[in-house]
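In: Need the 3D shape of this:
(chains A and B)
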2 protein chains.
Amino acid sequence: MTKTQQVRLARRPLGLPDAQTWDLTTEELPALEDGQLLVQVHFISLDPAMRGWLNDVRSYLPPVGVGEVMRSLDIATVIESRHPDFAVGDAVSGVFGVTEYAISDGRGVQQVDLDVAPGPTWLGALGMPGMTAYFGLLEVGKLKAGETVVVSAAAGAVGSVVGQIAKAKGATVIGIAGGAQKCRMLTEELGFDAAIDYRGEDVLRRLRELAPKGIDIYFDNVGGDILDAALANLRRGARIVLCGAVAAYNDEQLRPGPSRYMSLLVFRASMTGFVVFDYADRYGEAIDDISTWLADGTLKSREHIVEGGVAGFGETLNLLFSGGNTGKLVLAL
Amino acid sequence: MTKTQQVRLARRPLGLPDAQTWDLTTEELPALEDGQLLVQVHFISLDPAMRGWLNDVRSYLPPVGVGEVMRSLDIATVIESRHPDFAVGDAVSGVFGVTEYAISDGRGVQQVDLDVAPGPTWLGALGMPGMTAYFGLLEVGKLKAGETVVVSAAAGAVGSVVGQIAKAKGATVIGIAGGAQKCRMLTEELGFDAAIDYRGEDVLRRLRELAPKGIDIYFDNVGGDILDAALANLRRGARIVLCGAVAAYNDEQLRPGPSRYMSLLVFRASMTGFVVFDYADRYGEAIDDISTWLADGTLKSREHIVEGGVAGFGETLNLLFSGGNTGKLVLAL
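Out: Reported below is the predicted structural model:
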């Protein structure tokens, strides 16, 4: 019998999740049945989207139920298998949840090659954030060489990859991030052409200075005032890729939308939402390209790894909403 | 010498234009030079977009300057010509402005065939509103047969044509308009499948009832709460076509944008702005289709013609902002 510690949703939060939101439970897992595998989790992905899963609203995924183990994507090792596709010792990714051990029927479980990149990178540049950056920028945004790309939350898991892919494809890239340190990292380590510190600078004015001909693609991870600042600085035919709105995820009420949305008309521009799961059958393409860029140094994966047990999940998650992480936030067990 | 009465922009309005906004002036036109034509104006088009031209802001057209004759599209007759392409007696459309007579160099002046339709229709279904409806719905919205189309300001010049083209192309069409009389006109005269009276009904709830599977195309002429109601009722892959935001045209400050814009993400939807002038080289296609539909009764042109001199311009224009017109608003001289 395997004992596992897990984090369950105790109650739906209003605003920022806190200690009341989560229950730490211990469970004994049953013996495996045919077609199942047992995994030991090593790395848990922490994502802004998790906040949305806590609300009882219709969305692209059903909400996590009260009392259920919190949903998460993990990197794990198969430690027992009665499934024909998985052997003991395989490294895999899967939606096992915030838990130390889990039983799976193999659905949605992917082999990951730790010779290509270590586990945390399979949750970052080679995981959902990487897929989101790749398909959002290239398929939804339809990036062309020579264009000007602006990305918000640029030091985050998605934004840091968006900017680097855009550079690899010949764009001029401006990142927006919070704090001088993150901004320095963008220009000095990740090759961004410029960075704007939204905590200390007037984003609307700085965008006008840095992109005097306007923005071709704005990859939006945050919403709020920064989205409006981008709307005020579009170029004709611009595309806004809506990836998230972390600024609003903990709001109890809908906040006002982008006042400047009618810029879309003036600039013949579009604002398009997408959900990365729609591209699942094409992740292979993205993984091929991104792993090539990782290998040749074109793209650097940045992970922010917090060591600790599953008990640290709630506190670590909130780093996403305080801007406390740089790169992909991962909980290492 | 020809004397002409004209309406000039006296001062830029804050909010709704009023008597202070306009100057009525009389001018003697000089003798024609080579390459010019003199026209007598019969019908002046009144458009919500005119309000935008009064603001001193960067947009798809330069603002009308203080002291200048107010810009308008007119239907006129050539009464004198020293231009090789135009003869006395030709019926033409052109941006002659709010004036009784005008001299033109022929740029942007089009012949109109009054055997195909009377003058006011060339400002409506066969004019800019018709072009806007046609390219907005078919090119920007990419309408497919069997889809559900919702249009706001549905009894207006653009909206009434949008709904009828959508019906002609095999869509289910829901119109949103102000007042029971307009709504009856949509369903009983123009063939809409349903109409919602935004003054008396909860638009969000009614859309949910009338389009339980969601909206494929929302053609937005108004912005505001109605745009939010549509955002809350999208179908996966929906397209919002941004044509205008008449609800906000007289605002002195930017009002909050659509709070529910993140629905674009959940529904993998897009919101795209356009300006009809970009399709100028394809107006012929639209005129061919629309005149065929007018001739066979598929499409009915609705014009709201106000008789009077140019002095009535200001008061007549404001009917657009009080919802006082049904169909294309035209000032007949």
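In: if I look at A:Trp53, how far off is chain B?
Out: For A:Trp53, the distance to chain B (C-beta to the nearest C-beta, to the nearest Å) stands at 13 Å. The C-beta positions use only the backbone N, C-alpha and C, and glycine is treated the same way.
In: Setting aside sequence neighbours, what's the nearest residue to that residue?
Out: Distance criterion C-beta to C-beta, 6 or more residues apart in numbering or on different chains; nearest residue to A:Trp53, sequence neighbours excluded, is A:Val64 at 4.9 Å.
In: and the residue sitting nearest the centre point of chain A, what is it in contact with?
Out: Nearest to the mean C-alpha position of chain A, counting by C-alpha atoms, centre = their mean, stands A:Pro129 at 4.0 Å. With contacts defined as C-beta atoms under 8 Å, 6 or more residues apart in numbering or on different chains, A:Pro129 is in contact with A:47, A:123, A:156-158, A:161, A:328.
In: Could you list the contact residues of chain A toward chain B?
Out: Contact residues (C-beta under 8 Å from any C-beta of the partner chain) of chain A with chain B: A:58-60, A:223, A:228, A:242-245, A:248, A:254-275, A:278.
In: sorry, back to before: let me know the secondary structure of the residue nearest to the centre of chain A.
Out: Three-state assignment for A:Pro129 (DSSP: H, G, I helix; E, B strand; the rest coil): helix.
In: Would you check how far apart it and A:Glu147 are?
Out: A:Pro129 sits at a distance of 22 Å from A:Glu147 (criterion: C-beta to C-beta, to the nearest Å).
In: Report the secondary structure element holding the nearest residue to A:Gly191 once chain neighbours are set aside.
Out: Closest residue to A:Gly191 apart from its sequence neighbours, by C-beta to C-beta, 6+ apart: A:Lys167 at 5.2 Å. Taking DSSP states H and E as the criterion, A:Lys167 maps to helix A:157-168.
In: Specify the angle between the very next helix or strand once past that helix and helix A:157-168 in degrees.
Out: Where DSSP H and E defines the elements, the next helix or strand beyond helix A:157-168 is strand A:172-177. Going by axes from the mean of the first three to the mean of the last three C-alpha atoms, to 10 degrees, strand A:172-177 is angled at 160 degrees with respect to helix A:157-168.
In: Describe which strands strand A:172-177 pairs with in its sheet and in which direction.
Out: strand A:148-152 (parallel), strand A:194-197 (parallel) (DSSP bridges).
In: can you redo these as JSON lines with mean pLDDT, mean neighbour count and distance to A:Ala295?
Out: Shown next, in JSON lines, are these (pLDDT from 0 to 100; neighbours: other C-beta atoms under 10 Å in any protein chain shown; distance: least, C-beta to C-beta, whole Å):
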{"stretch": "strand A:148-152", "mean pLDDT": "98", "mean neighbour count": "30", "distance to A:Ala295": "23"}
{"stretch": "strand A:194-197", "mean pLDDT": "98", "mean neighbour count": "22", "distance to A:Ala295": "26"}
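In: now those in a markdown table, with distance to A:Glu285?
Out: Converted to a markdown table, the strands paired with strand A:172-177 look like this (distance: least, C-beta to C-beta, whole Å):
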| stretch | distance to A:Glu285 |
| --- | --- |
| strand A:148-152 | 20 |
| strand A:194-197 | 29 |
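In: between those strands, which one is nearest to B:Leu186?
Out: Of all the strands paired with strand A:172-177, strand A:148-152 sits nearest to B:Leu186, with 41.8 Å by C-beta to C-beta.
In: Give me the residues contacting the closest one.
Out: A:137, A:141, A:143, A:159, A:162-163, A:166, A:171-177, A:198, A:207, A:211, A:213-222, A:226-227, A:230, A:235.
In: There's contact between A:Asp90 and A:Val78 in this structure, I believe.
Out: Yes - A:Asp90 is within contact range of A:Val78, at 4.4 Å (criterion: C-beta atoms under 8 Å).
In: who has more neighbours, these two?
Out: The neighbour comparison of A:Asp90 against A:Val78 (other C-beta atoms under 10 Å in any protein chain shown) goes to A:Val78, with 22 against 18.
In: For the more buried one, list each beta-bridge partner.
Out: Beta-bridge partners, per DSSP bridges, of A:Val78: A:Val39.
In: Hmm, A:Ser93 and it touching each other?
Out: No - if you go by C-beta under 8 Å, A:Val78 and A:Ser93 don't touch, sitting 11.6 Å apart.
In: now the contacts of strand A:148-152: which count as buried?
Out: Buried by 16 or more other C-beta atoms under 10 Å in any protein chain shown: A:137, A:141, A:143, A:159, A:162-163, A:166, A:171-177, A:198, A:207, A:211, A:214-222, A:226-227, A:230, A:235, out of these.
In: what residues does whichever strand or helix holds A:Ala295 touch?
Out: Following DSSP H and E, one finds A:Ala295 within helix A:283-296. Helix A:283-296 is contacted from outside by A:116-117, A:121, A:125-126, A:130-131, A:134-135, A:161, A:164-165, A:168, A:279, A:298-301, using C-beta under 8 Å, 6+ apart.
In: let's go with 7 Å and repeat that
Out: A:116-117, A:125-126, A:130-131, A:134-135, A:168, A:299, A:301 (C-beta atoms under 7 Å, 6 or more residues apart in numbering or on different chains).
In: Need those residues in TSV (columns: pLDDT and neighbour count).
Out: Below are the contacts of helix A:283-296 laid out as TSV (pLDDT from 0 to 100; neighbours: other C-beta atoms under 10 Å in any protein chain shown):
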residue	pLDDT	neighbour count
A:Val116	94	14
A:Ala117	95	20
A:Ala125	96	32
A:Leu126	96	25
A:Gly130	96	32
A:Met131	95	23
A:Tyr134	98	24
A:Phe135	98	22
A:Ala168	97	17
A:Leu299	97	24
A:Ser301	93	25
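In: Take these and keep only those in helices.
Out: In this view, the contacts of helix A:283-296 that belong to helices under DSSP state H are A:130-131, A:134-135, A:168.
In: beta partners for the nearest residue to A:Pro258 once chain neighbours are set aside?
Out: Distance criterion C-beta to C-beta, 6+ apart; nearest residue to A:Pro258, sequence neighbours excluded, is B:Gly257 at 4.1 Å. Per DSSP bridges, the residues bridged to B:Gly257 are A:Gly257.
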